[in-house]
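[1] Quick one, structure for this:
(2 chains)
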Amino acid sequence: MDPKEIIARRVALELRHQTLVNLGIGLPTLVAKYVPAGIEVAFQSENGIIGFGSPPPTGMEDPNLTDAGGGFISALPGAVSFDSAFSFMLIRGGHLDMTVLGGLQVDVLGRLANWMVPGKLVPGMGGAMDLVAGARRVIVAMQHTARGAPKIVPALTLPPTASRPVSLIVTDLAVLRPTPEGMVLQERASGVRVQEIVAATTAPLLVPAEVPEMRLAGVQEHPTLVG
Amino acid sequence: MRRAITAAEAAVLVPDGASVLFGGFMGVGTPMRLVDALVERGARGLTIIGNDTGRPGVGVGRLIDAGCVSRAVVSHIGTNPVTQQKMIAGEIDVELVPQGTLAERIRAGGAGLGGVLTQTGIGTLVADGKQIVSVGGRDYLLELPIRADFAVIHAHEADYKFNLTYRLTAMNFNPVIALAADCVIAEANEVVPTGVLPPDAIRTPGILVHHLVERPR
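    Numbers count the residues shown, from 1 in each chain, chains lettered A, B, ... in the order given. Okay, here's the model as predicted:
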């Protein structure tokens, strides 16, 4: 299975019924494809909509209806649009049950860096800092290493996105949970051994005697969010 | 009754060196007739304030391409490599502001507030040089209000009193900037007679809008 699909399908298991969720651009948006059956989730896009759906058929795009990445979307029945101040009241005011973001690095305390590589990449933070500061739960969805280099590190070498620790990190190899005692290795991907995970991680890990395998959400034919 | 003006007339109202708040999110909801008119008149030295700098050829990216901008106060430049190049070359000074903080600073500027307290940015580069205020045992950054010389708005409908409605994700920063500038210029997809827009559909009272650009021909 493609690493991004593993990550998205595991993150989807964190979705809770009847909650407001924000998915960051890139890999996190894939989570919307795997909403478990029986769970209703309202997805917010920071540019001012709750209830967006998959892209419309070619030639039917509405130039007034886009997501936070600038891509065309549709609006589900019951969708609502609002301005940027209101959008960030939702984000900063604790109304999001969950946000899913990409990451460049996460440190042993669970602090995230995902907005800047000094001297190389200065895209700006957009809504990322508000999301990490405000959402009830922050889930980082990222590949475990970048071109062989570990991304879960003892201390950040990149500028932090927030001082608040994230709630969970889901990679193609593992699920990790920051705690006051340290970074716990909570689950391992199917077929991946604990030693492989430890070898790919420079941050010290608390490894329980038993590290269960990740479960993954099944692929649901969600009629409004897929295809 | 007030009359509409052309985009060219509006662009002449904005002098070189002015600060301009822009509605728009990656070009969606950006007042493009006004952008193009500013490029056309060769505007220079503008400070632009808004969510982002669009993309090359898209949204306020056209102002960046044309060399109209000397300073940008935005939450994101990642989609515009031209902005990034010009920033590295020292041609454009970029101040990056978290999107939620930007929205609140502009809202505060329009709302007569002295500032806002937010936890966003605590423990990051965003906190550098800023006052930290402790309330109820939590640290907040004191972020100061933003106001500008001009706010340029893209609306969906305008009536003859310049009341404005907005559409879907083209709304974004437009209603927020409407109160935070000395001169507010709007363009709309459609202009309708007064009375067509019901009171609770209107997001920006026309009395706050100084100029309306002619409807598209």
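[2] Which helix or strand in chain A has the lowest average pLDDT?
    Ranked by mean pLDDT, DSSP states H and E, the helix or strand of chain A with the weakest confidence is strand A:49-53, at a mean of 93.
[3] Adjacent strands (with direction) for it?
    Here strand A:49-53 has these sheet partners by DSSP bridges: strand A:41-45 (antiparallel), strand A:74-81 (antiparallel).
[4] tell me what the helix or strand following the longest one is packed against?
    Okay, so that is strand A:74-81. Note on strand A:74-81: by DSSP states H and E, the next helix or strand toward the C-terminus is helix A:84-92. Identification of packing neighbours for helix A:84-92 by 3 or more CB pairs under 8 Å, 6 or more residues apart in numbering or on different chains; DSSP states H and E yields strand A:41-45, helix A:128-134, helix B:99-111, helix B:174-177. In this view, the C-beta of every residue, glycine as well, is placed from N, C-alpha and C.
[5] picking up where we left off before, tell me the most buried of the strands paired with strand A:49-53?
    Mean neighbour count (mean count of other CB atoms under 10 Å in any protein chain shown) peaks for strand A:41-45 among the strands paired with strand A:49-53, with a mean of 21.
[6] follow-up on the earlier one: can you list the neighbours in contact with the least confident helix or strand of chain A?
    Residues from elsewhere that reach strand A:49-53 (CB atoms under 8 Å, 6 or more residues apart in numbering or on different chains): A:20, A:42-45, A:65, A:67, A:73-82, A:224-225, B:168-169.
[7] Kindly report the same for stretch B:200-217.
    With CB under 8 Å, 6+ apart as the test, stretch B:200-217 has contacts from A:83, B:2, B:4-7, B:10, B:13, B:31, B:33-34, B:153, B:155, B:158-159, B:161-166, B:171, B:174-175, B:178-179, B:183-191.
[8] Buried only: go through the residues you listed for me.
    Among these, those classed as buried by neighbour count (16 or more other CB atoms under 10 Å in any protein chain shown) are A:83, B:4-5, B:7, B:10, B:31, B:33-34, B:153, B:155, B:158-159, B:161-166, B:171, B:174-175, B:178-179, B:183-189, B:191.
[9] and those, which of them are in helices?
    Among the buried ones among the contacts of stretch B:200-217, the residues falling in helices (DSSP state H) are B:7, B:10, B:33-34, B:174-175.
[10] so what does the helix or strand of chain B with the lowest mean pLDDT touch, helix or strand wise?
    Least confident element among the helices and strands of chain B, by mean pLDDT, DSSP H and E: helix B:81-88 (a mean of 95). Packed against helix B:81-88, as judged by 3+ CB pairs under 8 Å, 6+ apart, are the following elements: helix B:61-65, strand B:93-96.
[11] Residue A:192: neighbour count?
    20 (other CB atoms under 10 Å in any protein chain shown).
[12] which regions of the chain sit below the pLDDT cut-off?
    I went with chain A, as the question did not name one. Along chain A, the parts satisfying pLDDT under 70 run over A:219-227.
[13] The chain in question should be chain B.
    For chain B (pLDDT under 70), the answer is B:216.
[14] And the strands in it?
    In chain B, the strands defined using DSSP state E lie at B:19-22, B:46-49, B:69-74, B:93-96, B:116-118, B:132-135, B:138-143, B:148-159, B:164-165, B:181-192, B:211-212.
[15] now the last one, how far from the centre of its chain.
    Its chain's average C-alpha position is 15 Å from that of strand B:211-212, according to CA atoms, centre = their mean, to the nearest Å.
[16] Give me the sheet partners of that strand and which way each runs.
    strand B:181-192 (parallel).
[17] got the contact list for the strand it pairs with?
    Here strand B:181-192 makes contact (CB under 8 Å, 6+ apart) with B:4, B:7, B:10, B:13-14, B:20-21, B:31, B:33-34, B:147-160, B:162, B:164, B:167, B:178, B:204, B:208-213, B:215-216.
[18] mind listing the helices in chain A by residue range?
    A:3-11, A:84-92, A:128-134, A:194-199.
[19] Quick one: closest of those helices to residue B:41.
    Smallest distance to residue B:41 across the helices of chain A (CB to CB): 28.3 Å, for helix A:84-92.
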